[in-house]
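**Q** Below is the sequence, then the predicted model.
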Amino acid sequence: MERKQIEALSCVCEPDECDTFNFMSKKLGINVLHPGGLDATEILAERCGISENMTVLDAGCGSGTTSLLLAKKYGCRVVGVDIDQNLLIKANKLAYEKSASDRIAFRYADIHDLPFHDEVFDGSIIQATLIFTGKNKALQMLSQKIRPNGFLGVIELAWKSNPPAEIVQRVRNVICDAAVNTERHEDWIDLLRQAGLDVVNAELKDLGFNLFGMLRNEGIFSTSRIALKCIFNETIRRKTKEITNLFKETKKYLGYGIYICRKR
């Protein structure tokens with residue numbers, strides 16, 4: 001299926017309008033929602049060369065788990081932005097509880113119109129957020145806020161190859177409209193280059209859920225709570241199985257990419 005046909009089937013929604021996002025975030029209570037989880041974030045951070053002397057923009061920071069990881073593990077200063085006020089409340093609470101408020105600041109902001117001076121950040125990361133945006137405009141805005149030779153690290157859903165119409169519709173039905181607003185792996189690279197970025201590393205990976213990944217992302221207490229919900233709530237159990245089965249059924253077509261860029 002060609003890109004224009006995929007776009008015709010898609011209709012971008014906001015994260016808080018996405019049924020699957022709300023299910024995983026609010027019903028299950030999952031905090032780390034991007035593909036690959038915190039393991040993928042660490043790969044991203046290390047390939048970007050994040051270090052303690054940097055100020056990093058976490059675009060679409062959500063509940064703040066990635067911002068906390070960057071500040072705690074790499075010692076950098078982090079500014080996290082999101083358009084969901086409820087998630088920002090959770091993010092601020094997390095930073096306070098983990099004694100990281102001195103290195104992290106969260107702000108309400110639209111990625112299409114960031115309220116910062118140009119070339120103020122050493123780099124930025126954005127994870128599972130571009131599909132909810134006007135991608136070209138968002139990437140141009142992020143590039144604008146990064147210093148020359150600064151980095152942009154992206155983790156995002158990606159088509160491995162052109163999917164047939166039935167696969168596109170299945171992803172749309174099970175996840176949300178925004179999921180089919182993703183790009184082929186090669187097209188993500190083109191979009192990043194169009195934003196004035198050199199793509200220095202790009203890797204395509206498989207999607208999937210597993211217990212060890214959830215333990216790493218959520219911790220043992222939250223994982224146990226999520227598991228109990230799946231055991232005793234039939235609706236939650238059915239939806240979780242539906243998402244898991246979708247990833248298996250669409251493995252040939254749908255994965256996620258890790259993209260490391262430098263601003264020219």
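**A** Structure's in. What do you need?
**Q** After whichever strand or helix holds residue 149, which helix or strand is next?
**A** Take DSSP states H and E as the rule and residue 149 turns out to sit in strand 146-159. Beyond strand 146-159 in the direction of the C-terminus, DSSP H and E gives the next helix or strand as helix 165-174.
**Q** Report the contact partners of the spatially closest residue to residue 52 that is not a sequence neighbour.
**A** Spatial nearest neighbour of residue 52, excluding adjacent residues (Cβ to Cβ, 6 or more residues apart in numbering): residue 75 at 3.1 Å. Heads up, the C-betas are built off the backbone N, CA and C, glycines and all. By Cβ atoms under 8 Å, 6 or more residues apart in numbering, the contact list for residue 75 reads 51, 52, 103.
**Q** per-residue confidence averaged over the host helix or strand of residue 228?
**A** Remark: residue 228 resides in helix 211-232, with elements defined by DSSP H and E. For helix 211-232, mean pLDDT rounds to 67.
**Q** For residue 153, the count of nearby residues, please.
**A** 24 (other Cβ atoms under 10 Å).
**Q** Go ahead and confirm it touches residue 45.
**A** Yes - if you go by Cβ atoms under 8 Å, residue 153 and residue 45 touch, sitting 7.2 Å apart.
**Q** what touches both of these two?
**A** residue 125.
**Q** all strands of the chain, in order?
**A** Counting by DSSP state E, the chain has these strands, from start to end: 55-59, 77-82, 104-108, 121-127, 146-159, 183-184, 197-206, 254-263.
**Q** Point out where the protein drops to low pLDDT.
**A** When residues are selected by pLDDT under 70, those of the chain lie in 1-33, 209-218, 221, 223, 225-226, 229.
**Q** Could you rerun that using 80?
**A** The model of the chain has pLDDT under 80 over residues 1-34, 176-177, 208-233, 235-237, 239-240.
**Q** which residue lies farthest from the center of it?
**A** Most distant residue from the mean C-alpha position of the chain: residue 232, 29.2 Å away (Cα atoms, centre = their mean).
**Q** Residue 84: neighbour count?
**A** 19.
**Q** The strand holding residue 149: partners in the sheet, and parallel or antiparallel?
**A** strand 121-127 (parallel), strand 183-184 (parallel), strand 254-263 (antiparallel) (DSSP bridges).
**Q** So which of the ones you listed is the most surrounded?
**A** Comparing the strands paired with strand 146-159 by mean neighbour count (mean count of other Cβ atoms under 10 Å), strand 121-127 comes out on top with a mean of 25.
**Q** Using PDB, write down the CA coordinates of it.
**A** Taking Å, rounded to 0.1, in the frame of the first residue of the first chain, the C-alpha atoms of strand 121-127 are listed here in PDB:
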ATOM      1  CA  PHE A 121      19.300  23.100  23.800                       C
ATOM      2  CA  ASP A 122      22.300  20.800  23.400                       C
ATOM      3  CA  GLY A 123      19.900  18.200  22.000                       C
ATOM      4  CA  SER A 124      16.400  16.800  22.200                       C
ATOM      5  CA  ILE A 125      14.700  13.400  22.300                       C
ATOM      6  CA  ILE A 126      11.200  12.600  21.200                       C
ATOM      7  CA  GLN A 127       9.500   9.200  21.700                       C
END
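**Q** quick one: it to strand 77-82, angle?
**A** 40 degrees (axes from the mean of the first three to the mean of the last three Cα atoms, to 10 degrees).
**Q** what's in contact with strand 121-127?
**A** 34, 40-41, 44-45, 48, 50, 54-60, 66, 70, 76, 79, 111, 138, 142, 145-147, 150-156.
**Q** Report the buried members of the residues you listed.
**A** 34, 40-41, 44-45, 48, 50, 54-60, 66, 70, 76, 79, 111, 138, 142, 145-146, 150-156 (16 or more other Cβ atoms under 10 Å).
**Q** Centre of the chain to stretch 178-192, how far?
**A** From the chain centre to the centre of stretch 178-192 is a distance of 13 Å (Cα atoms, centre = their mean, to the nearest Å).
**Q** Can you check the distance spanned by it, start to finish?
**A** 19 Å (Cα to Cα, to the nearest Å).
**Q** ok, now stretch 100-118?
**A** By Cα to Cα, one end of stretch 100-118 lies 26 Å from the other end.
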